[in-house]
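Visitor: Sharing a sequence plus its predicted fold:
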Amino acid sequence: MSALWIAHVTVTDAEAYGRYAKLAGPAIAAHGGVFLARGGRYVQLEGTDRARNVVARFPSVEAAVACYNSPEYQAALAHAKGAAERDLVVVEESAP
């Protein structure tokens, strides 16, 4: 079953976060991730408002977790630490 990687982000250092984004995209793609939404228009209905929302689809929960734990993604993530407040979850998609 495919899975969605859902991130809610408040960027606090745009320059450092830009370095993260530049490296994270290729790492995500290398693990079969495809972006469905990246920072577009949104409506906050409940919970904590974060100005940047990202959704990527992966072939499986395992592929998404492998991406997160990969050396390439961890190298990218080093730029995001201290440059953003983030919530990240991986959710398995339901069968149609």
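Guide: Yep, it's here. All values derive from a computational prediction rather than experimental measurement. Numbering: from 1, shown residues only.
Visitor: count of residues packed around the closest residue to A37 other than its chain neighbours?
Guide: Using CB to CB, 6 or more residues apart in numbering and skipping the chain neighbours, the partner closest in space to A37 is V55 (4.3 Å). All C-beta spots, glycine's among them, are computed from the backbone N, C-alpha and C. Using other CB atoms under 10 Å, V55 is surrounded by 15 other residues.
Visitor: same question, E46
Guide: Using other CB under 10 Å, E46 has 5 other residues around it.
Visitor: and it, backbone torsions?
Guide: phi -150, psi 160 (degrees, to the nearest 10).
Visitor: Against H8, how distant is it?
Guide: 12 Å (CB to CB, to the nearest Å).
Visitor: Over to P71?
Guide: 25 Å.
Visitor: These two: who's more crowded?
Guide: Neighbours were counted for P71 and for H8 using other CB under 10 Å; H8 has more, 19 against 8.
Visitor: The more buried one: what secondary structure?
Guide: Per DSSP: H, G, I helix; E, B strand; the rest coil, the local secondary structure of H8 is strand.
Visitor: Quick one, grab the pLDDT at A64.
Guide: Looking at A64, its pLDDT stands at 98.
Visitor: show me the contacts for it.
Guide: Taking CB atoms under 8 Å, 6 or more residues apart in numbering, we find A64 in contact with 3, 5, 31, 33, 56, 58, 90.
Visitor: Using the three-state scheme, assign the fifth one.
Guide: Classification of A56 into helix, strand or coil gives strand, according to three-state DSSP.
Visitor: Bridge partners for it, pull those for me.
Guide: For A56, the beta-bridge partners are W5, F35 (DSSP bridges).
Visitor: And K81, its phi and psi?
Guide: Dihedral angles (degrees, to the nearest 10) for K81: phi -60, psi 120.
Visitor: which of the residues in the longest helix along the chain are buried?
Guide: Ranked by residue count, the top helix of the chain under DSSP state H comes out as helix 14-30. For helix 14-30, a neighbour-count test (16 or more other CB atoms under 10 Å) marks 16-17, 20-21, 23-24, 27-28 as buried.
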